[in-house]
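> got a sequence here, can you build the structure:
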Amino acid sequence: VYQEYSANIPVKIVTNEFDRSNNWKFVNDIDLISDKNIGTTRLRWSDDDFVTWSSYYDFDTSTNRSNIYRLGRTRRRAFELTHTDNNPFRAYYLEIDYDFGER
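Down below sits the predicted model:
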C-alpha cells in the first residue's frame, strides 16, 4: 500500500542542474527509465536556478517507452519528477537526448 490515511504518498525528485557550460543545448527528448506500472509521473524543469518552473508534462509509465519530445533550448537545466499514484515507483534515471548549439 502506497497510502497513508487514505491519501497517496507523494514522491518528489529534484536534480542538480546539468551541464553548467554556457553553450546552448537543444533538448530533443527525455526518456524516463523506471518501473513499468499503471500511473503517471510528472516532469517539469527550471532554467533559472530553481526560481521559476515550466508547466508539468506527463510520462505514461504503463507504456514500453516513457518519453517526452521537444523540450526547447537551455544553457543549464534542473528537473523535477513527481509521482503520487497508489503503486510502487522506482526511477532509475532520465535519459536525455540533446544537441549542442552556439555559445
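> got a list of what the residue nearest to D60 when sequence neighbours are not counted touches?
Distances taken as CB to CB, 6 or more residues apart in numbering put S66 closest to D60, at 5.9 Å, once the chain neighbours are dropped. C-beta: built from backbone N, CA, C; applies to glycine. Contacts for S66 (CB atoms under 8 Å, 6 or more residues apart in numbering) come out as 31-32, 34, 41, 59-60.
> and the spatially most central residue of the chain, how far is that from D31?
Taking CA atoms, centre = their mean as the criterion, L43 is the residue nearest the geometric centre of the chain, at 3.8 Å. Separation of L43 from D31 (CB to CB, to the nearest Å) stands at 11 Å.
> kindly report the same for E102.
Taking CB to CB, one finds E102 at 26 Å from D31.
> same check on N86?
Note on N86: its distance to D31, by CB to CB, is 24 Å.
> likewise for G39?
From G39 over to D31 the distance is 17 Å, taken as CB to CB.
> so what touches the helix or strand of the chain with the lowest mean pLDDT?
For the chain, using mean pLDDT, DSSP states H and E, the weakest element among its helices and strands is strand 3-4, scoring a mean of 76. With contacts defined as CB under 8 Å, 6+ apart, strand 3-4 is touched by 9, 86.
> quick thing: my sequence starts at 11, can you match it?
Okay, residue one is now 11; in that scheme the one you just asked about reads as strand 13-14.
> the closest residue in space to V24 that isn't next to it in sequence: which element?
Nearest-residue entry for V24: E90, 4.8 Å, with adjacent residues in sequence omitted and distances by CB to CB, 6+ apart. Assigned by DSSP states H and E, E90 belongs to strand 88-93.
> equivalent analysis for K46, please.
Counting by DSSP H and E, no helix or strand carries K46.
> what's the neighbour count on it?
12 (other CB atoms under 10 Å).
> buried members of the contacts of S76 into ChimeraX, please.
Those of the contacts of S76 that count as buried under 16 or more other CB atoms under 10 Å are selected in ChimeraX with:
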select :42,44,51,69
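> give me the subset of the contacts of S76 lying in strands.
41-42, 44, 51, 69-70 (DSSP state E).
> thinking the residue nearest to the centre of the chain is in contact with L42, fair?
Yes - contact status for L53 versus L42: in contact at 7.4 Å, counting by CB atoms under 8 Å.
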